[in-house]
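Participant: predicted model follows, preceded by the sequence.
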Amino acid sequence: MIQEIRIPDIGDAEAVEVVEICVAPGDQVTQDDVLIVIESDKASMEVPAGIDGVVEEITVAVGDEVQEGKVIARLASKADADADADADADADVAGASPTDENLSAAEREAPAAPEEAPAAPEEPPAATEQAPGASQQEIPAAQTETVANAGDGRILEIRVPDIGEAQNVVVIEVTVAPGDQVTETDVLVVVESDKASMEIPANHRGAVQTVHVAEGDEVDEGTLLVTLELTEAHGHVEAEAAVEAKTSPQAPAEPAAQSTAEPVAQSTAEPSPGVTQENEARGQAPKKATEVYAGPAVRRLARELGVQLADVNGSGSRGRIVKDDVKSFVKSRLSGGQGSEASAGALPAITLPDFSRYGEIEIVPLSRIRARGAENLHRSWVNLPHVTQHDEVDVTDLEAFRRSLKDEAESRGVKLTPLAFIIKACCRALQAFPAVNASLDMAQGAYILKRYYRIGMAVDTEEGLVVPVIRDADRKGIWELSEEVIVLAEKARAQKLGMNDLQGGTFSVSSLGAIGGTGFTPIINAPEVAILGVSAMRTKPFWNGSDFEPRQMLPLSFSYDHRALNGAEAGRFVSYLGDLLRDVRRLAL
Ligand code: CAO
């Protein structure tokens, strides 16, 4: 059975423009899938299918002016097709909910089943049914209240406007930060209920003083969102009048009349200095979050894919971002296209709430070492597919041997810890598994195997983590390695390491053994391809076939770049390393 999907009640608007076609003939759709997006001068609205089915025909094109009742698509109902292949009567289906402004409570709660009606020419039907779950973008006038004079500017509180039947809505985007200059049409916050998403614009010119909500917050009508310091010269005339009337020293917190500022669908604000990495990298004009022109479905898709819409160029009319733009953006990133170096920029940003709202806080600047370390760790974590292989090695004999050398170590003036043995064993294992002592050159599609063995050693210092390098570790004996561990750790803690001490590592060891723990995921010190984490040795009962006997077990956590090594290779490396540590006489072979 073919069903016609029509433009629903569009309230006061006489005609609206089709700004996006989201499906093509042959597409399978479910009732919530958006078929087209229409836009008036006040709002954009998504018209969903309203039924499960297959798109037979789209009867409008982008740019068409359409009126209520106009047929926009014909769908073959899936259920009916399955049940009765012969049925071919057309029916009218109203496909979307109109703007919240025009919805009655009953309409907002409209039932899921689409209304069927006899086939009709493209004339407005007497009444259209509302499909449920229709997501729409509504740009209402935010509620505003004047609260005080501040210096030369006046302070305005922007609150959640009338949200109809919805009890609570969730803040899904905060597009401004304190200090941002905004104009009337700039979106401050986007909220979403289970039925609709709504952009809340500034309606005034000014500077954002405080943002009172964070993404994920539940808000209700009247919740304070943003405090604006108005720009006197450019303030909206009507809003200014309201502000003027209500600002008085006697009653600074008296609520002002609701703003009547007319919202528009697309921001025309000047670019802000808040440039996105992506646009910066492309040398394009900076785009700020408030300038993003996209409907709720596109915003939802972008959120799901972790795409910053400010980085996406819109191909729709007047630069509107459509779903295909978001998909192309992701494809280009995945294929290493434009902007792939800035891949971290595509990650959804973590926005910090104002923690002082919950209690006392202190801001402590990161040390230079910690800040650089954080960057390196992040770069490695997001670029390298990390896998960590855990193992436990019986080092009872190694420990007995180490203790037997205690006096000799003292006479030599060194502290002999398990680390020197571990480094020595790593060198031997790296010689047996050259791919672990390598770097990957993805551009050439090659391993760079290194015939030298420089072992980076993570050292915990007050200023942060540093990784000095023991050069030619394979050629050094246990005493020499022990000495070098001590010297480099002291230099690191005294901040006396030179560039030479930090360069050229081929593999790293991070020992948390003295601190504790049963295992962890060390982050690879790129461009190396693997790192060994060492946790605290413990005496454990070990079943020898007839009895439990106490054995000292050393946990190893070997993180590797899965592009360079597969799981079997990594497993074999760790196993080989374990054999060496289990019986250190093997190091002499
Ligand atoms: N299990 C149990 N005890 C261990 C151990 C282990 N795996 N490794 C070392 N110990 C013992 C040592 O034997 C020593 O004890 P004794 O004094 O009784 O002999 C004690 O712990 C202290 O050792 P240490 O830390 O001074 O010396 P080290 O050679 O083991 O390590 C260094 C040197 C510089 C690596 C270490 O001090 C350090 O800074 N580790 C932190 C590394 C780090 O922060 N890694 C995390 C980076 S994120 O991946």
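Facilitator: Ah, there it is. Numbering: from 1, shown residues only.
Participant: next structured bit after the helix or strand Glu157 falls within?
Facilitator: Assigned by DSSP states H and E, Glu157 belongs to strand 153-159. Next along the chain after strand 153-159, taking DSSP H and E as the criterion, comes strand 169-174.
Participant: show me which positions of that following strand end up buried.
Facilitator: For strand 169-174, the neighbour count (16 or more other CB atoms under 10 Å) marks Val169, Val171, Ile172, Glu173, Val174 as buried. The C-beta positions use only the backbone N, C-alpha and C, and glycine is treated the same way.
Participant: please look at the fourth one and Val189 and confirm they touch.
Facilitator: Okay, so that is Glu173. Yes - the pair Glu173 / Val189 is scored as a contact, 6.9 Å apart, by CB atoms under 8 Å.
Participant: need the helices for the stretch 401-550 of the chain, in chain order.
Facilitator: 406-412, 418-432, 478-493, 499-502 (DSSP state H, counting those that start in this stretch).
Participant: would a markdown table of the ones you listed with mean neighbour count be doable?
Facilitator: As requested, these are exported to a markdown table (neighbours: other CB atoms under 10 Å):
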| stretch | mean neighbour count |
| --- | --- |
| helix 406-412 | 12 |
| helix 418-432 | 22 |
| helix 478-493 | 18 |
| helix 499-502 | 12 |
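Participant: now those helices in TSV, with mean pLDDT and distance to Gln31?
Facilitator: What follows is the helices of the stretch 401-550 of the chain, written out as TSV (pLDDT from 0 to 100; distance: least, CB to CB, whole Å):
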stretch	mean pLDDT	distance to Gln31
helix 406-412	96	76
helix 418-432	98	59
helix 478-493	97	62
helix 499-502	91	60
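Participant: nearest to Thr396, of the ones you listed?
Facilitator: Proximity to Thr396 (CB to CB) singles out helix 418-432 among these, at 11.9 Å.
Participant: show me what that closest one is packed against.
Facilitator: If you count contacts as 3 or more CB pairs under 8 Å, 6 or more residues apart in numbering; DSSP states H and E, helix 418-432 packs onto helix 396-404, strand 455-457, helix 478-493, strand 507-511, strand 530-534, helix 567-582.
Participant: ok, now with 6 Å
Facilitator: helix 478-493, helix 567-582 (3 or more CB pairs under 6 Å, 6 or more residues apart in numbering; DSSP states H and E).
Participant: of all those, which one is nearest the ligand?
Facilitator: helix 478-493 (3.7 Å; CB to the nearest ligand atom).
Participant: is the ligand contacted by the closest one?
Facilitator: Yes - contact of helix 478-493 with the ligand (CB under 6 Å from any ligand atom) involves Val485, Ala489.
Participant: of all the helices and strands packed on helix 418-432, which one is nearest Asp32?
Facilitator: Using CB to CB, the nearest of those to Asp32 is helix 567-582, at 40.6 Å.
Participant: got a list of contacts for that closest one?
Facilitator: Helix 567-582 is contacted from outside by 389, 391, 393-395, 398, 425, 428-429, 432-433, 436, 558, 560, 586-587, using CB atoms under 6 Å, 6 or more residues apart in numbering.
Participant: output the set of residues of the stretch 401-550 of the chain in proximity to the ligand.
Facilitator: Checking the stretch 401-550 of the chain against the ligand by CB under 6 Å from any ligand atom, the hits are 415, 417-419, 457-460, 465, 485, 489, 510-514, 522-523, 534, 536-537.
Participant: hmm, back to that, out of the buried residues of strand 169-174, the closest to Pro161 would be?
Facilitator: Val169 (10.7 Å).
Participant: so that closest one sits against Val189, correct?
Facilitator: No - checked against CB atoms under 6 Å, the pair Val169 and Val189 is beyond contact range at 10.2 Å.
Participant: start and end of stretch 313-329, how far apart?
Facilitator: For stretch 313-329, the first-to-last residue distance is 9 Å (CA to CA, to the nearest Å).
Participant: buried ones in that stretch?
Facilitator: Under 16+ other CB under 10 Å, the buried positions of stretch 313-329 are Gly314, Gly316, Ser317, Arg320, Ile321, Val322, Lys323, Asp325, Val326, Phe329.
Participant: again with stretch 393-400
Facilitator: For stretch 393-400, using 16+ other CB under 10 Å, the buried residues are Val393, Asp394, Val395, Thr396, Leu398, Glu399.
Participant: ranges for the strands of the stretch 151-300 of the chain?
Facilitator: 153-159, 169-174, 181-182, 187-192, 197-201, 206-211, 218-219, 224-230 (DSSP state E, counting those that start in this stretch).
Participant: out of those, which gets nearest to the ligand?
Facilitator: Closest among those, once you apply CB to the nearest ligand atom, is strand 169-174, at 33.0 Å.
Participant: average pLDDT for that closest one, rounded please.
Facilitator: Averaged over strand 169-174, pLDDT sits at 83.
Participant: partner strands of it, parallel or antiparallel?
Facilitator: strand 187-192 (antiparallel), strand 218-219 (antiparallel) (DSSP bridges).
Participant: out of the helices of the stretch 401-550 of the chain, flag the one nearest Ser380.
Facilitator: Of the helices of the stretch 401-550 of the chain, nearest to Ser380 by CB to CB is helix 499-502, at 15.7 Å.
Participant: can you show me the CA trace of the closest one as PDB?
Facilitator: Below are the C-alpha coordinates for helix 499-502, written out as PDB (Å, rounded to 0.1, in the frame of the first residue of the first chain):
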ATOM      1  CA  MET A 499      68.700  16.200  25.600                       C
ATOM      2  CA  ASN A 500      71.200  13.300  25.100                       C
ATOM      3  CA  ASP A 501      69.800  11.500  28.100                       C
ATOM      4  CA  LEU A 502      66.300  11.600  26.700                       C
END
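Participant: how far does it sit from its chain's centre?
Facilitator: 35 Å (CA atoms, centre = their mean, to the nearest Å).
Participant: can you tell me what sits against it?
Facilitator: Taking CB under 6 Å, 6+ apart as the rule, helix 499-502 contacts Pro468.
Participant: again, only this time at 8 Å
Facilitator: Val466, Val467, Pro468, Val469, Leu488, Lys491 (CB atoms under 8 Å, 6 or more residues apart in numbering).
Participant: now swap in stretch 531-544 and tell me
Facilitator: Residues contacting stretch 531-544 (CB under 8 Å, 6+ apart): 388, 394-395, 399, 418-419, 422, 426, 507-525, 548-559, 577.
Participant: go through it and flag the buried ones.
Facilitator: So, applying 16+ other CB under 10 Å, buried residues of stretch 531-544: Ile531, Leu532, Gly533, Val534, Ser535, Ala536, Met537.
Participant: check what pLDDT the fourth one gets.
Facilitator: Read it as Val534. On the pLDDT scale, Val534 gets 98.
Participant: where's it relative to Ser404, distance?
Facilitator: 21 Å (CB to CB, to the nearest Å).
Participant: and Thr388, how many neighbours?
Facilitator: Close neighbours of Thr388, defined as other CB atoms under 10 Å, add up to 17.
Participant: and the contacts of the helix or strand harbouring it?
Facilitator: Thr388 is part of strand 386-394 when elements are defined by DSSP H and E. Strand 386-394 has contacts (CB under 8 Å, 6+ apart) with 519, 521-524, 533, 542, 551-562, 567, 570-571, 574-575, 577-578, 581-582.
Participant: buried ones among those residues?
Facilitator: Buried among these (16+ other CB under 10 Å): 519, 522-524, 533, 551-561, 570, 574, 577-578, 581-582.
Participant: which bits of this structure sit near the ligand?
Facilitator: 415, 417-419, 457-460, 465, 485, 489, 510-514, 522-523, 534, 536-537, 554.
Participant: where does the closest residue to Leu366 other than its chain neighbours land in three-state SS?
Facilitator: Once flanking residues are discounted, Leu366 sits nearest to Ala374: 7.0 Å by CB to CB, 6 or more residues apart in numbering. Secondary structure state of Ala374, per DSSP: H, G, I helix; E, B strand; the rest coil, is helix.
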